[in-house]
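Q: Take a look and give me a structure for this.
(one chain, ligands or ions: 1)
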Amino acid sequence: MAPRTKISGEYTRISQKTAYYDLLDKLHDTPISQGTAIELVQHLAQTFQVNVGKVIFKQWHKGRAMYRTKNIILPATPKQDTRRVGFLRTGIVVHEFCHLLALQRGCRNHGEVFIKTLDELVLYVSQYQAQQQAA
Ligand SMILES: [Zn+2]
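A: Residues are numbered from 1 along each chain as shown. Below you'll find the model as predicted:
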C-alpha cells in the first residue's frame, strides 16, 4: 500500500481514511474534458439514482456541490500537467457528485458516510473507466 500522505487535490482526512488510496489518487491525476465530465455525472446520477441540477464550469474553481440547487460546480480547464487544484480531473468530478449522493444518505460533511460513499464511487468509476477503455 502507498504511504498515506495527502492526495493532491483531496482533503487530508479523506486521504487518510479512504480504503482506495491508490485509485483515488489516480482519479485525481486523470484529466477529463468538460463534455466527458457531464457524461460521467449523468451516468452516475442514473446509476446511483441521484437528482442532479446543472454542471457548471468556472475558471480556477476548487469544485463545489450545491445542496439546495443540486448543481455541481467544477474547474473549467482540464488538468494538463502535475498540478491538480483548480483543474478539471476525474477525481474532483467524483468528489463533488459524492456530496449529492452522501446528502441522500444524510451526510453534509466529509464524515464517515461521505468517505464510505466516496469509496463506493471510486471503485465504481475506476472499473467503469477501465471498461470504457477496453471497449
Ligand atoms: Zn467536499
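Q: Could you find the closest non-adjacent residue to Val93?
A: Ala37 (4.9 Å; CB to CB, 6 or more residues apart in numbering). Placement of C-beta: from N, CA and C, glycine included.
Q: same thing with Tyr128?
A: Tyr128 sits nearest to His43 (CB to CB, 6+ apart), 7.5 Å away.
Q: Return the distance of the one you found relative to Asn51.
A: Going from His43 to Asn51 by CB to CB, to the nearest Å gives 15 Å.
Q: Could you look up the next helix or strand downstream of the one helix or strand Phe97 maps to?
A: For Phe97, the host element (DSSP states H and E) is helix 90-104. Next along the chain after helix 90-104, taking DSSP H and E as the criterion, comes helix 112-134.
Q: for the record, mean pLDDT for that following helix?
A: For helix 112-134, the mean pLDDT works out to 95.
Q: Pick out the residue nearest the middle of this protein.
A: Nearest to the mean C-alpha position of the chain, by CA atoms, centre = their mean, lies Val94 at 1.8 Å.
Q: OK, contacts around that residue?
A: 27, 40, 44, 118, 121-122, 125 (CB atoms under 8 Å, 6 or more residues apart in numbering).
Q: now for the residues you listed, which pair is the farthest apart?
A: Maximum pairwise distance among those (CB to CB): 14.7 Å, between Leu40 and Leu118.
Q: Among those two, which residue is more densely surrounded?
A: Between Leu40 and Leu118, counted using other CB atoms under 10 Å, the more crowded position is Leu118 (26 against 20).
Q: In contact with the residue nearest to the more buried one when sequence neighbours are not counted, which residues are there?
A: Leaving aside its chain neighbours, Leu118 sits nearest to Cys98 (4.7 Å; criterion: CB to CB, 6+ apart). Neighbouring residues of Cys98 by CB under 8 Å, 6+ apart: 114, 117-118, 121.
Q: Emit the PyMOL select command for whichever of those residues are buried.
A: Those of the contacts of Cys98 that count as buried under 16 or more other CB atoms under 10 Å are selected in PyMOL with:
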select buried, resi 114+117+118+121
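Q: In a markdown table: the contacts of Cys98, plus distance to Thr82.
A: Below are these laid out as a markdown table (distance: CB to CB, whole Å):
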| residue | distance to Thr82 |
| --- | --- |
| Phe114 | 27 |
| Thr117 | 28 |
| Leu118 | 23 |
| Leu121 | 24 |
